[in-house]
Each structure stands twice: as structure tokens, then as C-alpha cells.
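Participant: Build me a structure from this.
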Amino acid sequence: MPSPALDAALADIDTVFNGFASPTEIGCERCFQPEETAYLRTPYTRVPADLVRRFVFKVPDHFENHAAVMRRLLPQAAHAMAEGTLDRIGWGHHGLSRVDWRAWPAEQAAAVETFVYAWWQDVLTTPEPPYPVADVFETCAMILGTMTPLLDRWHSHAVADAHLATCAATWLYQLDFDASPFDWWDRDDEAPLIAELQSWLVAHAPARLRAQGEPDLATRTELLALPYDDRWAHPYWTSPSATN
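Facilitator: Sure thing, here's the model as predicted:
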């Protein structure tokens, strides 16, 4: 079951974005049938779940008013994200990452931000969330335009530390090489993003990973603090079990 904070955030999304529509929307006529696009012009009508997914992950130039489309879809999309029924989470650019939602009226922007934080916190306290935690992290970071507040909220407890071990095992394949682990993060210069994640892992992950019975992951995380050449010259790589 969703946490009380997530339930409250979803209720706020429902209230704030109730009745929104994109009145002049014609959509991409190659991708959508006229009767499908009509849902975007019509408030107070449920959009079929598969159509929500198709709309949410389409690029903005498929719509006359992409921001209005996202506001129209937000209540259903947010609930689907929380429930784990919005296909393609972690596999594409979420529509909210392609609109300047922070420039929306304050009540709307606050509802979006609060939902993203509540969703992330709910996932961190759920032993078996419907999506891989790394996919939720990436989606939330894309929507927020930063991963800093997500890392700041990743406090240590048994469930969150188990998720940290899963994410570290996924991310280190790229971070070991000073590469980004995020396929859908559009940045002209990814170096600050990579450095931030590496620094956070070095500072916060090793002890938590060892407590999870993951000494190899802990050591690999510590090696991120070394210059690239020194990292790969470390004896861990030739005898990992001996160094742990």
C-alpha cells in the first residue's frame, strides 16, 4: 500500500489538475487516431491506460501544446507511476522531464515536486517495489532535473540499504569507467553528474553495503575516490576476495 505521504501527494495531484485539457490539441496524426487525440481536448474523462503511456512518452513536437497535454494526463499518470502500471518507466524520457513544470503556477509546481519526492520515499521503504529502484531514481531525477534531493533523502535503514546495494551493482559498471549509468539523461556535459553520484557513493555507501553483506561492492565504491589510473591499478581487480 502507498505511504500516507504518497496518498496525500496523489490526492493533491487529483485536486490541482482536475479538469485540465488541451482544448485545441490535434496531436500527431501519424501516431494517434482522431478519437485518441480527442481525449486530450476533453476534460473529466478517463484516458485508456495504454494511451496514457503512449502520450506520456511521446516527444513534445507530437503535440500542439505539450505542457497542456501533461497537465491533462497528470492525475492518471501519477497514479499509474505509484501503482507500477505505467509501462516504460526507466526506458524513455518521461513527459514531465520535457516540460518546464517549475514555471507553472506555484500550486501546480508544488504538487508535482511533492509527488516526485513522495514516490521516491515510498519506493525506498518498500521491499519489493513494482519498478526497479534504479529506474525510479532515474525517472525522478529526470523530472526534477537533479538527483541531489533524491540522494539527500536516501537515509540508511534496512530496506533503503538493500535498494542501495541493488543500485550500486547496476551503476558501478559505468561509474568504474567514469561514465554515466543513465541512458536517458540528456546533458551536454555529464561529468558533474557522474562526479556527484560517485562522491555520494564514496561518502555514504561503503559501510551500508558491507552491512548488507556486499564487501566487493563496498570496495569498488571506495575505489571511486581514486584517480582513474590508480583505481584500475588497485590489487582489488586481480584478487578481489583477498582484499575483502
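Participant: dump the residue contacts of Leu224.
Facilitator: Leu224 makes contacts with Leu175, Asp176, Gln198, Leu201, Val202, Arg231, as judged by CB atoms under 8 Å, 6 or more residues apart in numbering. Placement of C-beta: from N, CA and C, glycine included.
Participant: Run through this structure and note the low-pLDDT ranges.
Facilitator: 184-188, 240-244 (pLDDT under 70).
Participant: Show me the residue at the heart of it, geometrically.
Facilitator: Centroid check for the chain by CA atoms, centre = their mean gives Thr139 as the closest residue, at 1.9 Å.
Participant: and the gap between His157 and Leu124?
Facilitator: When distance is defined by CB to CB, to the nearest Å, His157 is 8 Å away from Leu124.
Participant: Equivalent analysis for Gln76, please.
Facilitator: 24 Å.
Participant: How about Phe55?
Facilitator: Phe55 is 28 Å from Leu124, by CB to CB.
Participant: quick one: which of the two has more around it?
Facilitator: Phe55 (26 against 23; other CB atoms under 10 Å).
Participant: Please list all residues in contact with that one.
Facilitator: Residues counted as contacts of Phe55 (CB under 8 Å, 6+ apart) are Leu40, Val47, Val69, Leu73, Gly95.
Participant: How about exporting stretch 50-58 as PDB, limited to the C-alpha atoms?
Facilitator: Taking C-alpha atoms only, stretch 50-58 is exported to PDB below (Å, rounded to 0.1, in the frame of the first residue of the first chain):
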ATOM      1  CA  ASP A  50      -2.200   2.300 -22.900                       C
ATOM      2  CA  LEU A  51      -3.000   5.600 -24.400                       C
ATOM      3  CA  VAL A  52      -1.700   7.400 -21.300                       C
ATOM      4  CA  ARG A  53       1.600   5.600 -21.700                       C
ATOM      5  CA  ARG A  54       1.800   6.500 -25.400                       C
ATOM      6  CA  PHE A  55       1.100  10.100 -24.800                       C
ATOM      7  CA  VAL A  56       3.400  10.500 -21.800                       C
ATOM      8  CA  PHE A  57       6.500   9.200 -23.600                       C
ATOM      9  CA  LYS A  58       6.000  10.900 -26.900                       C
END
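Participant: And that stretch, what's buried?
Facilitator: Leu51, Val52, Arg53, Arg54, Phe55, Val56, Phe57, Lys58 (16 or more other CB atoms under 10 Å).
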